[in-house]
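>>> what follows is a predicted structure for the sequence shown.
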There are 2 protein chains.
Amino acid sequence: MAHDHAALLKHIKADMPSDELLQDLGDLFKIFGDTTRIKIMYALYEDEMCVCAIADLLGMTQSAISHQLKVLKAANLVESRREGKTIFYRLADEHVKSIIAQGYDHITE
Amino acid sequence: MAHDHAALLKHIKADMPSDELLQDLGDLFKIFGDTTRIKIMYALYEDEMCVCAIADLLGMTQSAISHQLKVLKAANLVESRREGKTIFYRLADEHVKSIIAQGYDHITE
DNA sequence: TTATCATATGAACGGTTGCTCATATGTTCA
DNA sequence: TGAACATATGAGCAACCGTTCATATGATAA
């Protein structure tokens, strides 16, 4: 075992969020932790876009994009609307932008 | 192929960051995308802490914590200082907190 | 130096993940 | 209804990732 620091730990532990919330936080960032998904979110930064336009933009398969959009949607990071055969995706809320912006700031310094 | 949207894509593409930066962004968030690393960063939220205290706090192996601290340090998310046999880690800057805080906001709503 | 403590590190293993391929679903138009 | 288009989805595979285990490094004290 290690040296003693029980007193310190007791204090820190009390201030930590629940395990469940920490897990959710990790799961959320995991979704931002893929270049393809980051690119998709950037593509939707200003305006909605249909699936095939995103696929075209990123030079990737429609299937690959659809799979990732499903992941993003399940995490409430994007929303969609149908217009005929086409389905348009958009960012779900401003949090997506601010999370990306914070990461951007850390990188570009 | 899909329906035509060349004009749209040209505009969007011009506004996208470089592939390299998008890759870096993904890599950054990937580091936040693991519960163990999130817990470590939360442990260091208020004050520095030695490796074995973190291991004790999280109920994990010293080896596992060291491996993750190495990842965090390589990404400039934590820094360390030595004091005798002990090595103390701390958050590298305020960005770490603000990135986590943004994620937290998205979760707790 | 030798023993002990604190931390770091390399290899290996199991689980996860993102893409591809084939196919299914859903919509429009003739 | 049938054909074409846009998107969704399941299975399978290769690559990646986090932990464990064994061991190495570095520092202190006797």
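Cool, got the structure.
>>> take stretch A:17-27, keep the C-alpha atoms, and write them as CSV.
Written as CSV, here are the backbone C-alpha positions of stretch A:17-27 (Å, rounded to 0.1, in the frame of the first residue of the first chain):
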residue,chain,number,x,y,z
PRO,A,17,-19.6,14.0,-8.5
SER,A,18,-21.3,10.6,-8.4
ASP,A,19,-19.7,7.7,-10.3
GLU,A,20,-22.7,7.7,-12.6
LEU,A,21,-22.3,11.3,-13.6
LEU,A,22,-18.5,10.8,-14.1
GLN,A,23,-19.3,7.9,-16.4
ASP,A,24,-21.8,10.0,-18.3
LEU,A,25,-19.2,12.8,-18.7
GLY,A,26,-16.7,10.3,-20.1
ASP,A,27,-19.3,8.9,-22.5
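>>> for it, the distance to its chain's centre please.
Relative to its parent chain, stretch A:17-27 has a centroid offset of 15 Å by CA atoms, centre = their mean, to the nearest Å.
>>> mean confidence for it?
For stretch A:17-27, mean pLDDT is 97.
>>> residues of it that come out buried?
A:17, A:22, A:24-27 (16 or more other CB atoms under 10 Å in any protein chain shown). Backbone N, C-alpha and C define where each C-beta goes, glycine included.
>>> what's the closest of the residues you listed to DNA strand D?
residue A:26 (9.0 Å; CB to the nearest atom of the strand).
>>> wait, what's in contact with the closest one?
B:32-35, B:37-38 (CB atoms under 8 Å, 6 or more residues apart in numbering or on different chains).
>>> tell me the average confidence for stretch A:46-56?
96.
>>> about what we covered before: any chance of the buried residues of stretch A:17-27 in TSV, with secondary structure too?
Output for the buried residues of stretch A:17-27, formatted as TSV (DSSP: H, G, I helix; E, B strand; the rest coil):
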residue	secondary structure
A:17	coil
A:22	helix
A:24	helix
A:25	helix
A:26	helix
A:27	helix
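>>> and for the residue nearest to the spatial centre of chain A, nearest residue in space, chain neighbours not counted?
Taking CA atoms, centre = their mean, the centroid of chain A lies closest to residue A:32, which sits 3.7 Å from it. Once flanking residues are discounted, residue A:32 sits nearest to residue B:29: 3.6 Å by CB to CB, 6 or more residues apart in numbering or on different chains.
>>> same check, this time on residue A:82
Nearest one to residue A:82, counting by CB to CB, 6+ apart, is residue A:88 at 7.8 Å.
>>> element containing the one you found?
strand A:86-91 (DSSP states H and E).
>>> same for the helix or strand following that strand, what does it pack against?
Following strand A:86-91 in sequence order, the next helix or strand is helix A:94-107 (DSSP H and E). Here helix A:94-107 touches helix A:19-32, helix A:35-43, helix B:19-32, helix B:94-107, going by 3 or more CB pairs under 8 Å, 6 or more residues apart in numbering or on different chains; DSSP states H and E.
>>> how near is residue A:93 to residue A:3?
Here the criterion is CB to CB, to the nearest Å. By it, residue A:93 lies 46 Å from residue A:3.
>>> revised request: answer the last question for residue A:66.
For residue A:66, the distance to residue A:3 - CB to CB - is 53 Å.
>>> so which of these two has more stuff around it?
Remark: of residue A:66 and residue A:3, residue A:66 carries more neighbours, 14 against 10, as counted by other CB atoms under 10 Å in any protein chain shown.
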